[in-house]
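1. Provided below for reference: sequence and predicted model.
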Protein chains: 2
Amino acid sequence: MADIVEILKEKLNLPEERLLELIAIGKERTISRNNRFIAAGTIPRKFGFVVSGLFRYVYSDENGQEFTKGIISEFSFISSYSAMIMQSISYFSIEALEDSEILEINYSDWQKLKISDPFWCNFLLSLVEKGYMIKEKRERELLLLDAETRYRNFQKNYPGMENRIKQQIIASYLGIQPESLSRIRKKNIS
Amino acid sequence: MADIVEILKEKLNLPEERLLELIAIGKERTISRNNRFIAAGTIPRKFGFVVSGLFRYVYSDENGQEFTKGIISEFSFISSYSAMIMQSISYFSIEALEDSEILEINYSDWQKLKISDPFWCNFLLSLVEKGYMIKEKRERELLLLDAETRYRNFQKNYPGMENRIKQQIIASYLGIQPESLSRIRKKNIS
């Protein structure tokens, strides 16, 4: 596994002692491609930090149609956050799109750490705020931008990602049919 | 104006001394129907708590078409949160749908209060978490439910609200055309 201490230090910008507190409650885990870290319909009791690999948040409707609500790459947290803090069932799954390595953190261990020092409240607040901003941006793009502009934003926001993810999943992230994505891509290449 | 101290005490569940700290940095304000608390294109330097009345968060696209991304009634906070914490321009407006009374709080005063005691970090965290959960629920409904089910959920989640809001705005909140809303309503009445 990649040197998790170095990665966390660099990416989370945590003081050394805080970093060690976080790592102390974490477990290094690998999750193989197509496996789920959290399954829809279950109560999430853990979250994770992606050390390497790629995940998506995915809803499935009753007809088995899939909606990719988020794509999460290296150095971000993955969680079904609302369901975890409410201890209710998750409506979406968290699925590995590549063989991935994570630092897995048990939610009740995290809660204990969180109340141990105000530092962690501020840390968590900044994470939830970041999540909130990502959601707001995505909502705005889905409401206001046409499919072609959303595709170009995707390329810009996730450089190199197009080659890592199946077209079908990119289409479901953009909220369009795979055929529409094909058309847009051809147009943009030519 | 309604007795703001009593309302805040009941609705925010704050200890007396904390309540007074919050009120000390707040200003009571009235905002008339159709006026904006925050205008799209400006940097938000304030947020508010709705004491009475009704607001919406609204995006307008370049053709002047409107998307109501949220409806906020009494006893909730209103803010263009992402833009406020980033001190960047707001992409949406906050508009009063009725003559409303709010407690207005200046963002820099709030920041000072927030760092004065860890209590406020926990308070803010619970507010941002609540906002995050509302967004996640709305996203799920827009993705997975048909228009008729969204309409019924709206009636359930916002009892009595149908008579307070123009049909056109309800339609833009449900993500459908006003004609579709008319059809759904007739079907549900008959």
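-> Structure received.
2. Buried residues in whichever helix in chain A runs longest, which are they?
-> Criterion DSSP state H: the longest helix present in chain A is helix A:118-144. Buried residues in helix A:118-144, counted by 16 or more other Cβ atoms under 10 Å in any protein chain shown: A:119-125, A:127-129, A:131-132, A:135-136, A:138-144. The C-beta positions use only the backbone N, C-alpha and C, and glycine is treated the same way.
3. Output the contacting helices and strands for it.
-> When contacts are defined as 3 or more Cβ pairs under 8 Å, 6 or more residues apart in numbering or on different chains; DSSP states H and E, helix A:118-144 packs onto helix A:16-24, helix A:107-116, helix A:147-157, strand B:55-60, strand B:66-72, helix B:81-86, helix B:118-144.
4. ok, 6 Å please
-> On a contact count with 3 or more Cβ pairs under 6 Å, 6 or more residues apart in numbering or on different chains; DSSP states H and E, helix A:118-144 meets helix B:118-144.
5. which residues touch A:A39?
-> Residues counted as contacts of A:A39 (Cβ atoms under 6 Å, 6 or more residues apart in numbering or on different chains) are A:S93.
6. buried sites along stretch A:83-91?
-> Across stretch A:83-91, burial judged by 16+ other Cβ under 10 Å covers A:A83, A:M84, A:I85, A:S90, A:Y91.
7. gap between that stretch and the chain center?
-> What separates the centre of stretch A:83-91 from the centre of its chain is 16 Å, taken as Cα atoms, centre = their mean, to the nearest Å.
8. So, low pLDDT: which residues of chain A?
-> The model of chain A has pLDDT under 70 over residues A:1-2, A:190.
9. got the domain boundaries for it?
-> Listed by automatic domain parsing, the domain ranges of chain A are A:4-144, A:145-190.
10. Report the separation between A:M86 and chain B.
-> The spacing between A:M86 and chain B, counted by Cβ to the nearest Cβ, to the nearest Å, is 7 Å.
11. What of A:R185?
-> The value you get for A:R185 to chain B, if Cβ to the nearest Cβ is used, is 23 Å.
12. Setting aside sequence neighbours, what's the nearest residue to that residue?
-> Of all residues not flanking A:R185 in the chain, A:Y151 sits nearest, at 7.6 Å (Cβ to Cβ, 6 or more residues apart in numbering or on different chains).
13. Distance check, that neighbour against B:Y91.
-> Taking Cβ to Cβ, to the nearest Å as the measure, A:Y151 falls 20 Å from B:Y91.
14. Repeat that for A:N122.
-> Distance, A:N122 to B:Y91, using Cβ to Cβ: 26 Å.
15. ok, now A:W110?
-> For A:W110, the distance to B:Y91 (Cβ to Cβ) stands at 33 Å.
16. again with A:I85
-> A:I85 is 27 Å from B:Y91, where distance means Cβ to Cβ.
17. A:V51 too?
-> For A:V51, the distance to B:Y91 - Cβ to Cβ - is 33 Å.
18. Kindly state the beta-bridge partners for A:S52.
-> Beta-bridge partners recorded for A:S52 (DSSP bridges): A:E101.
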